[in-house]
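A.B. asks: Here is my input, please return the structure:
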Amino acid sequence: MNILVTGGAGYIGSHTAIALLEAKHSVIIADNLCNSSSGTIRKIESITGKKVTFYEMDVTVEEAVESLFKTHSIDAVIHFAGLKSVGESVEKPLNYYSNNMISTLNLAKMCLKYGVNRFVFSSSATVYGDNIVPFEESMNLLPATNPYGETKVMCERILTDLAHANPAFSVSLLRYFNPIGAHESGLIGEVPNGVPNNLMPYITQVAKGKLAKLRVFGNDYPTADGTGLRDYIHVVDLAEGHVAALENLIEGVHTHNLGTGNGTSVLELVNAFEEANRIHVPYEVVGRRPGDIAVCYADVSKAARELGWKAKRNINDMCRDAWRFEVHNGTGKTT
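C.D. replies: Numbering: from 1, shown residues only. Coordinates of the predicted model:
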């Protein structure tokens, strides 16, 4: 298939582009590079030996999106493009509502207009709010604890309503848990702008000496060591989950959790990183971060049953691959 990947130069998008190319699909990437680099496209091509069509564009601009749909015969859309920081969304909610909603509306509108009936949406475990773990796809969604999560809920509803109104339209809603790690080549990985919002790049930058110490947001949660518990998944496993979702997509709306089903605390992850890479990571405990919940991990049985997919890589693999990328490429803005 000919797949449009929005946000395909970003962290998860670039790994998914590789997985798609390795599965013999063709890839068109649209990315405004606000949190990525055009150099990532060359790295995707280097890893796969295959050509990628790339447009530097903002999918919140409807005219630009329509021009792309007019130019290419697109079989499916995988939509990653969007703002993604929980903490920043609390500080700048309007940015998140406008960017994440408008991009999804534009793509949905063009899919309908140009007969593109396969849509895979990058959602999040934040849609579950502070629900009972493990999170199951059949749960009633509680109010998200931050604006980022609310945008994901709203976009899920938009795509669900569109599919109900257009029976030929097929939607896959993929609820991610916490992707970390990097491609085994060491060429692509997570490099945020400025001080990282996500835990693993913060750890790797501290380990490399780019930051003095890790800030642990709260140690008074109701967990074994008091720090937040998350379901960390290797980004390559997550990328392969997108290929499985796309290739098994049938008419209707289909929701799947993509995680491991296991919870790891912040301090457990720090310890795992130190053991895997034989390097010390100094840290300090600070106050809780707005928008965070105590515990978040997935029930992943539905994805295994319906998509034939499950995560294969463990925490040690995630820590090792993330550090390899940081050592070789963790300067400047690359992915």
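A.B. asks: C-alpha from now on. contacts and neighbour counts both.
C.D. replies: Fine.
A.B. asks: Check the burial of Phe177 by counting its neighbours.
C.D. replies: For Phe177, the neighbour count with other CA atoms under 10 Å is 23.
A.B. asks: and the lowest-mean-pLDDT helix or strand in the chain, what does it pack onto?
C.D. replies: Lowest on mean pLDDT, DSSP states H and E among the helices and strands of the chain sits helix 86-91, with a mean of 88. Applying 3 or more CA pairs under 8 Å, 6 or more residues apart in numbering; DSSP states H and E, we find helix 86-91 packed against helix 147-165.
A.B. asks: ok, and what's touching the helix or strand following the helix it packs on?
C.D. replies: Sequence-wise, the next helix or strand downstream of helix 147-165 (DSSP states H and E) is strand 170-176. With CA atoms under 8 Å, 6 or more residues apart in numbering as the test, strand 170-176 has contacts from 117-125, 156, 159-160, 163, 238, 242, 245-246, 249-259.
A.B. asks: Give me the contact list for the least confident helix or strand of the chain.
C.D. replies: Helix 86-91 is contacted by residues Asn95, Tyr96, Asn146, Pro147, Tyr148, Gly149, Asn197, Arg289, Pro290, Gly291, Asp292 when judged by CA under 8 Å, 6+ apart.
A.B. asks: will you turn those into a markdown table that also has pLDDT and distance to Gly129?
C.D. replies: Formatted as a markdown table, the contacts of helix 86-91 follow (pLDDT from 0 to 100; distance: CA to CA, whole Å):
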| residue | pLDDT | distance to Gly129 |
| --- | --- | --- |
| Asn95 | 96 | 21 |
| Tyr96 | 96 | 17 |
| Asn146 | 88 | 9 |
| Pro147 | 93 | 11 |
| Tyr148 | 92 | 11 |
| Gly149 | 92 | 8 |
| Asn197 | 81 | 19 |
| Arg289 | 87 | 15 |
| Pro290 | 83 | 13 |
| Gly291 | 78 | 10 |
| Asp292 | 86 | 10 |
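A.B. asks: are any of the residues you listed buried, and which?
C.D. replies: Of the members of the contacts of helix 86-91, the ones counted as buried by neighbours, 16 or more other CA atoms under 10 Å, are Tyr96, Asn146, Pro147, Tyr148, Gly149, Gly291, Asp292.
A.B. asks: Wait, the fifth one touches Thr126, no?
C.D. replies: Think Gly149. Yes: assessed by CA atoms under 8 Å, Gly149 is found in contact with Thr126 at 4.9 Å.
A.B. asks: So Phe119 belongs to a strand, correct?
C.D. replies: Yes: under DSSP: H, G, I helix; E, B strand; the rest coil, Phe119 falls within a strand.
A.B. asks: Which positions are bridged to it in the beta structure?
C.D. replies: For Phe119, the beta-bridge partners are Val77, Val171 (DSSP bridges).
A.B. asks: how near is it to Phe177?
C.D. replies: Distance of Phe119 to Phe177, given as CA to CA, to the nearest Å: 20 Å.
A.B. asks: Quick one: the buried ones among the contacts of helix 86-91 as TSV, columns for distance to Ile132 too.
C.D. replies: Shown next, in TSV, are the buried ones among the contacts of helix 86-91 (distance: CA to CA, whole Å):
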residue	distance to Ile132
Tyr96	26
Asn146	17
Pro147	20
Tyr148	20
Gly149	17
Gly291	17
Asp292	15
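A.B. asks: Please name every helix or strand in contact with the helix or strand where Val27 lies.
C.D. replies: Using DSSP H and E, Val27 maps to strand 26-31. Taking 3+ CA pairs under 8 Å, 6+ apart as contact, the helices and strands that strand 26-31 lies on are strand 2-6, helix 11-22, strand 53-56.
A.B. asks: Mind jotting down where the strands sit in the stretch 201-335 of the chain?
C.D. replies: For the stretch 201-335 of the chain, the strands defined by DSSP state E, counting those that start in this stretch occupy 214-217, 229-230, 232-234, 252-258, 264-265, 283-286, 295-296.
A.B. asks: what residues does the strand holding Val27 touch?
C.D. replies: 1-10, 17, 20-21, 52-59, 81.
A.B. asks: any chance you could map the helices in the stretch 201-335 of the chain?
C.D. replies: Using DSSP state H, counting those that start in this stretch, the helices of the stretch 201-335 of the chain run over residues 235-247, 266-277, 301-307, 315-329.
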